[in-house]
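Trainee: Kindly generate the corresponding structure for this input.
(one chain, ligands or ions: 1)
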Amino acid sequence: MHKLNSVGILGTGAYVPEKVLTNQDLEKMVDTTDEWIVTRTGIRERRISGADEASSDLAFHASQRALEKAGIAPEDLDLIVIATVTPDMTFPSTANILQDKLGAKKAAAFDLAAACSGFLYGIATASQFIQNGLYRYALVIGVECLSKIVDWKDRNTCVLFGDGAGAAVLGPVEEGYGFLSFDLGSDGKGGELLKLPAGGSRLPATVDTIASGLHYISMSGGDVFKFAVRAMGNSAEAALEKAGMTKKDIDFMVPHQANIRIIDAAVKRLGLPKEKVIVNIDRYGNMSAASIPVALDEAVNKGSIRYGDNLVLVGFGGGLTWGATVLKWSLKEKE
Ligand code: UT7
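Mentor: Next comes the predicted model:
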């Protein structure tokens, strides 16, 4: 059997739309208050894509930044995986559209649907191709334009979500560095708790489905909350165990940013000090698949994450799905 490559992140990039929607703006749109949103979720503002901006546009900007950081040309990419629940259209995949925009001529390209856990599913999938030597460089993107599938009259959901994109270039790294373990899971029984009911083959788009608001996100918030705290703690612990580590070995945790109370509860369960947890939900809200890579990119740019640090990326979402990875950071700081 041939030796498996160590695979890690060679560069990250992020992009969020310019338009900021604050809690004060939302107070004028639905029956809510800044105080309710901040205390119940930790969100202060979120970004909203323009009418002419789709997921592939956000993904394009984030990808260019990640490729530049990695020093990899688009033509060198072997694979593009996009995790999203807001593709430009049902098909072609948003990854196909991005491949063309980037000029990544030799790359295979596909989308992957695992809701908010999508980036973790994406890196777990893409890294296998590199680990076994079939491919050398892969681009994985988590991107969402959730503002386009949110009912702006529903205060239960519209205050929570935002738009953005985060990208990572994956490739071979020094032995013993990069991804050390993955934990992925799903519980399809909970699919009803978080879904977009219409527009697929079960309920194709009709005048009636649109009039009934079935093309908007539908969520049972309290149930998802309970599941989330459990899933984040369990999945992070499972990934640590597979990597032969304990929570003491963690330098940083990058959790899915859905609600600060979910993050705090999971962190408490894991017994991690708060300084080790990367949080940006106050500025972006829940960007689903984009939230982990955007938070990771910000922490890398700030210089928080350093060569040899052990990171846990962990998330949960619709499906229901969850996932975690332990990653030993392989990029050396530039002098
Ligand atoms: O990425 C994965 C996707 N989603 C999630 O992770 C979401 C997980 N769930 C949550 O984050 C929380 O459950 C929510 C933030 C959605 C809700 O927080 P909660 O503490 O579970 O509140 P609740 O649903 O129990 O609602 C409490 C009250 C209700 O009023 P009544 O029935 O007690 O009179 C809601 O109608 O708060 C009301 N409410 C609001 N009030 C002001 C709900 N949304 C709002 C709002 N402004 N925006």
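
Trainee: which residues are there in the stretch 151-300 of the chain that come within reach of the ligand?
Mentor: Within reach of the ligand by C-beta under 6 Å from any ligand atom, the stretch 151-300 of the chain has these residues: 155-156, 159, 194, 219, 221-222, 224-225, 228, 258-259, 286, 288. (Glycine included, C-beta is placed from N, CA and C.)

Trainee: which one of these is nearest Leu77?
Mentor: Comparing those against Leu77 with C-beta to C-beta places Ser288 closest, at 23.6 Å.

Trainee: other SSEs contacting the helix or strand where Phe316 lies?
Mentor: Element membership for Phe316, per DSSP states H and E: strand 310-317. Packing partners of strand 310-317 (3 or more C-beta pairs under 8 Å, 6 or more residues apart in numbering; DSSP states H and E): helix 118-131, helix 221-242, strand 252-255, helix 291-302, strand 321-328.

Trainee: May I see those organised as JSON lines, with mean pLDDT added?
Mentor: Listed next are the helices and strands packed on strand 310-317 as JSON lines, based on pLDDT from 0 to 100:
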{"stretch": "helix 118-131", "mean pLDDT": "98"}
{"stretch": "helix 221-242", "mean pLDDT": "96"}
{"stretch": "strand 252-255", "mean pLDDT": "98"}
{"stretch": "helix 291-302", "mean pLDDT": "97"}
{"stretch": "strand 321-328", "mean pLDDT": "98"}
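
Trainee: would CSV of the ones you listed with mean neighbour count be doable?
Mentor: Converted to CSV, the helices and strands packed on strand 310-317 look like this (neighbours: other C-beta atoms under 10 Å):
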stretch, mean neighbour count
helix 118-131, 25
helix 221-242, 19
strand 252-255, 24
helix 291-302, 23
strand 321-328, 27
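
Trainee: Adding distance to Pro172, write the ones you listed out as JSON lines.
Mentor: Output for the helices and strands packed on strand 310-317, formatted as JSON lines (distance: least, C-beta to C-beta, whole Å):
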{"stretch": "helix 118-131", "distance to Pro172": "6"}
{"stretch": "helix 221-242", "distance to Pro172": "21"}
{"stretch": "strand 252-255", "distance to Pro172": "22"}
{"stretch": "helix 291-302", "distance to Pro172": "19"}
{"stretch": "strand 321-328", "distance to Pro172": "14"}
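
Trainee: and Ala70, what does it touch?
Mentor: 10-11, 137, 169, 171 (C-beta atoms under 8 Å, 6 or more residues apart in numbering).

Trainee: The ligand: which of those is nearest?
Mentor: Val169 (25.1 Å; C-beta to the nearest ligand atom).

Trainee: quick check, stretch 27-43 touching the ligand?
Mentor: Yes: using C-beta under 6 Å from any ligand atom, stretch 27-43 reaches the ligand at 32, 36-37, 40-41.

Trainee: And the residues you listed, which of them are buried?
Mentor: Neighbour counting by 16 or more other C-beta atoms under 10 Å classes 32, 37, 41 among those as buried.

Trainee: Sort out for me which of those are in strands.
Mentor: Nothing among those maps onto strands, per DSSP state E.

Trainee: Now find how far off-centre stretch 73-92 is within its chain.
Mentor: The chain centre lies 14 Å from the centre of stretch 73-92; the measure is C-alpha atoms, centre = their mean, to the nearest Å.

Trainee: repeat for stretch 283-300
Mentor: For stretch 283-300, the separation from the chain centroid amounts to 7 Å (computed by C-alpha atoms, centre = their mean).

Trainee: pull the CA atoms of it into PDB?
Mentor: Output of stretch 283-300 as PDB, limited to C-alpha atoms (Å, rounded to 0.1, in the frame of the first residue of the first chain):
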ATOM      1  CA  ARG A 283     -20.700  41.100  12.900                       C
ATOM      2  CA  TYR A 284     -22.100  38.500  10.400                       C
ATOM      3  CA  GLY A 285     -25.000  36.500  12.000                       C
ATOM      4  CA  ASN A 286     -25.400  32.900  10.900                       C
ATOM      5  CA  MET A 287     -23.800  32.400   7.400                       C
ATOM      6  CA  SER A 288     -24.400  28.700   7.400                       C
ATOM      7  CA  ALA A 289     -21.600  26.900   5.400                       C
ATOM      8  CA  ALA A 290     -19.600  30.100   5.200                       C
ATOM      9  CA  SER A 291     -19.300  30.800   8.900                       C
ATOM     10  CA  ILE A 292     -16.400  28.500   9.800                       C
ATOM     11  CA  PRO A 293     -14.100  29.400   6.900                       C
ATOM     12  CA  VAL A 294     -14.800  33.200   7.400                       C
ATOM     13  CA  ALA A 295     -14.000  33.000  11.100                       C
ATOM     14  CA  LEU A 296     -10.900  30.900  10.400                       C
ATOM     15  CA  ASP A 297      -9.700  33.400   7.700                       C
ATOM     16  CA  GLU A 298     -10.200  36.300  10.200                       C
ATOM     17  CA  ALA A 299      -8.200  34.500  12.900                       C
ATOM     18  CA  VAL A 300      -5.400  33.700  10.500                       C
END
